[in-house]
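Asker: Here is my input; please provide its structure:
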Amino acid sequence: MQISGGRFEIKKMFQVRFAILLVTFFMVGCETIATSILKEPEVSVAGFRVISANLMNQRFGVKIKIDNPNSISMPINEIKYTFDVAGRELVSGSSDKPFRVPAKGNETFEVEVNMNILESASYLATILEGGSESLDYKLKGSIDVDLPLLGSIPIFTKGQIKLTH
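Answerer: Okay, here's the model as predicted:
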């Protein structure tokens, strides 16, 4: 009697392990399908604007554009970002509320950058002494997409800010 009970336990244990293996393969397959069907959004810097400026403080707006190449809308829970200009981190943070990027469309949001002249004087002097007509920037971070199996997508873009008109 004990032997047949042992066979039953072995058979049941085999079935449970087989079911776990199938679920694992299914999940990996779904992730592969999701990432091959859904394309990652493109992130770029869409513009800069001066919000306010005085002798001590300057506030700039950095517009970040997200293009969705997919035929379904993309719900974004959060965007984490770091914005570097001329090799120095100016601002880092995250978006404060979720939003949707429409299917085959785009969405733009603005990040505020505050600079204090006293704290940044040597940095600004170095930039101005360089005589460059543009500054290099880098935007890096991640986008938390609220779609099954897509999760967090890393972002990185770089370019130049023109200092002359």
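Asker: Show me the shaky parts of this structure.
Answerer: Where the chain drops to pLDDT under 70, the residues are 1-37, 116-128, 130-132, 149, 163-165.
Asker: domains for it, by residue range?
Answerer: Structural domains assigned to the chain are 1-37, 40-162, following automatic domain parsing.
Asker: how about the strands in this structure?
Answerer: 42-53, 57-67, 74-85, 88-94, 99-101, 106-116, 134-145, 152-162 (DSSP state E).
Asker: export those to a markdown table and tack on mean neighbour count?
Answerer: (Each C-beta comes from the backbone N, C-alpha and C, glycine too.) Listed next are the strands of the chain as a markdown table, based on neighbours: other C-beta atoms under 10 Å:
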| stretch | mean neighbour count |
| --- | --- |
| strand 42-53 | 14 |
| strand 57-67 | 17 |
| strand 74-85 | 18 |
| strand 88-94 | 14 |
| strand 99-101 | 16 |
| strand 106-116 | 15 |
| strand 134-145 | 18 |
| strand 152-162 | 14 |
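Asker: how close does I79 get to K65?
Answerer: I79 sits 12 Å away from K65, taking C-beta to C-beta, to the nearest Å as the criterion.
Asker: again, but for L38
Answerer: The value you get for L38 to K65, if C-beta to C-beta is used, is 19 Å.
Asker: Same question for K104.
Answerer: Distance, K104 to K65, using C-beta to C-beta: 14 Å.
Asker: what residues are up against the closest residue to G47 other than its chain neighbours?
Answerer: The spatial neighbour of G47 that comes closest, neighbours along the chain excluded (C-beta to C-beta, 6 or more residues apart in numbering), is K63 at 4.4 Å. For K63, the contact set (C-beta atoms under 8 Å, 6 or more residues apart in numbering) comprises 45-49, 108-110.
Asker: Give the bridge partners for K63, please.
Answerer: On the basis of DSSP bridges, K63 is bridged to G47, E110.
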